[in-house]
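Enquirer: Below are the sequence and a predicted model; questions follow.
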Amino acid sequence: EAGVAQSPRYKIIEKRQSVAFWCNPISGHATLYWYQQILGQGPKLLIQFQNNGVVDDSQLPKDRFSAERLKGVDSTLKIQPAKLEDSAVYLCASSLGRVAGGGPDTQYFGPGTRLTVL
Amino acid sequence: AQSVTQLGSHVSVSEGALVLLRCNYSSSVPPYLFWYVQYPNQGLQLLLKYTSAATLVKGINGFEAEFKKSETSFHLTKPSAHMSDAAEYFCAVSDQSSGTYKYIFGTGTRLKVLA
């Protein structure tokens, strides 16, 4: 089974530029997550999709970040304009979105995109 | 709101020694708890999860964790460390909010294994 794919793996940009990241989840996974992982910290959820609808974007800086998941499959996360503090690894994860007996199901993570903003 | 605290951002053990990584949680309801491992330049991989069944949870690569409600802890252990265990480990708690489960991660513990 193919895992979660992300591209690019690395990106270096200057502040005020824009950047986009792409994620292709595991086939059949209804739920897709974007996390921001700043060096020395744990992942922080930015946005969660269920199919192509947003279920949680409370921690997404909407003045500069946007995300979409067209057709409920792959997703893009965009930053425009980037700031120095956006330097981080951006992780995409996916899950089935349901589990027998209730409770959270297992998330599968991609390798991440390391963004450096100069 | 639920949260997790990982004690010790860096832990060093000798190869063959016991690994103990500490995690304490706060929750007003019985939580779902997880341990993830992250190798350099890779995403997170699930080691094990507690979902209110057995309090002692066995995971991959010889790791296990014990849920102790009285101590609000979910420490990760492995009897004998291997060089390949060197990585960063994250404890996470899952919180159901507005009908969906959200994950809250700790700040991580970097494990170093000494030859």
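Expert: The structure has been received and is ready for your questions. Numbers count the residues shown, from 1 in each chain, chains lettered A, B, ... in the order given.
Enquirer: least trustworthy helix or strand in chain B by mean pLDDT?
Expert: Lowest mean confidence among the helices and strands of chain B (mean pLDDT, DSSP states H and E): strand B:100-105, at a mean of 83.
Enquirer: gap between the two ends of stretch A:78-88?
Expert: End-to-end distance for stretch A:78-88, by Cα to Cα, to the nearest Å: 14 Å.
Enquirer: Nearest residue to the middle of chain A?
Expert: The geometric centre of chain A, computed from its C-alpha atoms, lies nearest to A:Trp34 (Cα atoms, centre = their mean), at 2.2 Å.
Enquirer: likewise chain B?
Expert: Taking Cα atoms, centre = their mean as the criterion, B:Trp35 is the residue nearest the geometric centre of chain B, at 3.2 Å.
Enquirer: Partner strands of the helix or strand where it lies and their direction?
Expert: Assessed by DSSP states H and E, B:Trp35 sits inside strand B:32-38. Each strand pairing with strand B:32-38, determined using DSSP bridges, is listed with its direction: strand B:44-50 (antiparallel), strand B:87-97 (antiparallel).
Enquirer: Tell me what residue 12 is bridged to.
Expert: You didn't pick a chain, so chain A it is. The partner list for A:Ile12 in beta bridges (DSSP bridges) reads A:Thr116.
Enquirer: let's do chain B instead
Expert: Note on B:Ser12: beta-bridge partners B:Lys112, judged by DSSP bridges.
Enquirer: Isn't it up against B:Arg110?
Expert: No - under the criterion of Cβ atoms under 8 Å, B:Ser12 lies out of contact with B:Arg110, with a separation of 9.2 Å. Where you see a C-beta, it was placed from the backbone N, CA and C, and this is true even at glycine.
Enquirer: Any residues of chain B in contact with chain A? List them.
Expert: Taking Cβ under 8 Å from any Cβ of the partner chain as the contact definition, chain B meets chain A at B:9, B:32, B:41-46, B:49, B:51-52, B:90, B:92, B:94, B:96-103, B:105-108.
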